[in-house]
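> Here's a sequence, model it:
(one chain, ligands or ions: 1)
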Amino acid sequence: MADTIFGKIIRRDIPADIVYEDEDVLAFRDLNPQAPVHVLFVPKRAIASLDEAQPGDAELLGKLLLAAAAYAREQGLAKDGYRTVINCNEHGGQTVFHLHVHLLAGRRMHWPPG
Ligand code: 5GP
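Predicted coordinates for the structure are as follows:
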């Protein structure tokens, strides 16, 4: 798949405010935060979108969600709650085609989303 801005962040070609890293996952603060806490959890092995994920990606997708949940717990965000979002393709509002989980917290979220 085509390289993206997130690929450049993973390779440290461009800076980001990294808050978590393990063998498979990198997490960094969103440049344009939509909540007091807005962190992106990105797999180091790129998948363009959720629509392109394959059965063989199940473990990686699980790790992404568990990393976001563990971070929220460690940061004391879980009791009040938070939202995780994966935007997919145009109508989903996806702008960076390297699959990522948004973790939004620190304010009450609204439903339905815009
Ligand atoms: P999407 O719209 O694809 O679901 O989410 C992409 C997110 O990446 C957006 O919330 C946007 O603010 C964020 N973003 C885009 N470029 C950069 C960047 O260079 N650095 C960081 N930290 N976030 C970015």
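
> the strands in the chain, which residues?
Applying DSSP state E to the chain gives strands spanning 18-21, 25-29, 37-43, 82-85, 101-105.

> Is the ligand within reach of the second one?
If I follow you right, that is strand 25-29. Yes: judged by C-beta under 6 Å from any ligand atom, strand 25-29 comes into contact with the ligand at 28-29. Placement of C-beta: from N, CA and C, glycine included.

> Just checking: what are the partner strands of that strand?
strand 18-21 (antiparallel), strand 37-43 (antiparallel) (DSSP bridges).

> Could you do the fourth one as well?
Strands flanking strand 82-85 in the sheet, each with its direction: strand 101-105 (antiparallel) (DSSP bridges).

> What mean pLDDT does the strand it pairs with get?
Averaged across strand 101-105, the pLDDT comes to 98.

> distance between that strand and the chain's centre?
Centroid separation for strand 101-105 versus its chain: 7 Å, with C-alpha atoms, centre = their mean, to the nearest Å.

> Check stretch 7-25 too.
How far stretch 7-25 lies from its chain's middle: 12 Å, per C-alpha atoms, centre = their mean.

> Just the buried positions in the longest helix along the chain, please.
Taking DSSP state H as the criterion, the chain has its longest helix at helix 58-74. Across helix 58-74, burial judged by 16 or more other C-beta atoms under 10 Å covers 60-61, 63-64, 67-69, 71-72.
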